[in-house]
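# Structure for this input, please:
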Amino acid sequence: MKVAGHGAEAKVFETEYLGRDAILKVRPVKKYRHTELDWHLRSSRTKNEVRIIREARNAGVRTPVIYDVDLKECSITMEHIKGKCVKDILDSEPGRSDEICRMIGKTLAELHKAKISHGDLTTSNMIMTPSGELCLIDLSLGSTSIELEDMGVDIHLMKRAFTSAHSGIDDSFGVLIDSYRKNMPDAASVMKRVEDIRERGRYT
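Below is the predicted model:
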């Protein structure tokens with residue numbers, strides 16, 4: 001298997017599943033934790049991630065198809081989404097920024113209408129497929145049955161990503177928000193919460 005990524009919580013490998021290209025995400029043992037507590041944390045986070053991916057997909061948001069879950073190994077085998085990272089597209093093709101931001105805004109609205117948050121929403125966690133679909137990946141920090149605060153945090157994180165990673169096209173963030181407003185009922189309340197979060201951050 002080829003290593004595809006490595007984070008603080010999980011390792012990601014390129015693999016195959018029943019003849020199909022796949023991604024294997026494994027939450028390895030943390031030896032500094034008590035054995036039973038470690039397994040409980042890793043398995044519950046694995047189950048939560050699978051549930052969020054499936055619920056988002058059921059809500060019409062493009063996410064990887066789950067092929068297999070092994071709670072003993074705390075691993076998920078899922079569809080290998082082919083395409084290009086949205087961050088890379090925005091960096092190399094700034095002329096597409098408005099088009100892509102409209103897609104991000106609509107996708108985020110669909111997620112929030114289903115009461116789901118991503119939890120780590122950046123353009124690095126989005127892939128544009130060859131067919132032109134925007135796919136969300138790495139929903140491990142997401143939640144369901146969310147409130148305004150969770151929605152506001154998603155948008156706040158997205159704004160920070162545009163301010164730091166995409167400063168040259170940060171004006172396109174307004175296109176993203178316009179698209180979100182058009183597709184999200186009561187978007188005004190969400191945006192008010194975003195402003196509250198921004199103000200709290202200013203004084204902490």
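# Give me the distance between the two termini of stretch 29-38.
End-to-end span of stretch 29-38 (C-alpha to C-alpha, to the nearest Å): 7 Å.
# Show residues contacting it.
Residues from elsewhere that reach stretch 29-38, judged by C-beta atoms under 8 Å, 6 or more residues apart in numbering: 41-42. All C-beta atoms are positioned from the backbone trio N, CA, C, and that covers glycine.
# One more: stretch 94-101?
Outside stretch 94-101, the residues that reach it (C-beta under 8 Å, 6+ apart) are 86, 89-90, 128, 134, 166, 168-169, 172-173, 175-176, 179.
# number of nearby residues for R33?
Counted with other C-beta atoms under 10 Å, residues neighbouring R33 total 13.
# no no, G83
G83 has 16 neighbouring residues, counting by other C-beta under 10 Å.
# For it, give me phi and psi.
phi 150, psi -160 (degrees, to the nearest 10).
# Not including adjacent chain positions, what is the nearest residue to D120?
The spatial neighbour of D120 that comes closest, neighbours along the chain excluded (C-beta to C-beta, 6 or more residues apart in numbering), is L141 at 4.6 Å.
# which residues touch that neighbour?
Contacts here follow C-beta under 8 Å, 6+ apart; on that basis L141 touches 118-120.
# Kindly report the same for T123.
The neighbours of T123, taking C-beta under 8 Å, 6+ apart as the test, are 85-87, 90, 104, 161, 165-166.
# Reformat those as CSV; add neighbour count and secondary structure.
As requested, those are exported to CSV (neighbours: other C-beta atoms under 10 Å; DSSP: H, G, I helix; E, B strand; the rest coil):
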residue, neighbour count, secondary structure
C85, 15, strand
V86, 24, helix
K87, 17, helix
L90, 23, helix
I104, 25, helix
A161, 19, helix
A165, 16, coil
H166, 21, coil
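# what are the ranges of the helices in the chain?
All helices of the chain, identified by DSSP state H, fall at 35-58, 86-92, 97-113, 148-164, 173-183, 187-202.
# Break this protein down into its structural domains.
By the record's domain assignment, the chain is partitioned as 2-79, 84-202 (automatic domain parsing).
# most tightly surrounded among those domains?
Between the domains of the chain, domain 84-202 has the highest mean count of neighbours, a mean of 18, where neighbours are mean count of other C-beta atoms under 10 Å.
# what's the spacing between that one and its chain's center?
Taking C-alpha atoms, centre = their mean, to the nearest Å, the mean C-alpha location of domain 84-202 is offset from the chain mean by 9 Å.
# Okay, now the unreliable bits of this structure?
6, 8, 202-204 (pLDDT under 70).
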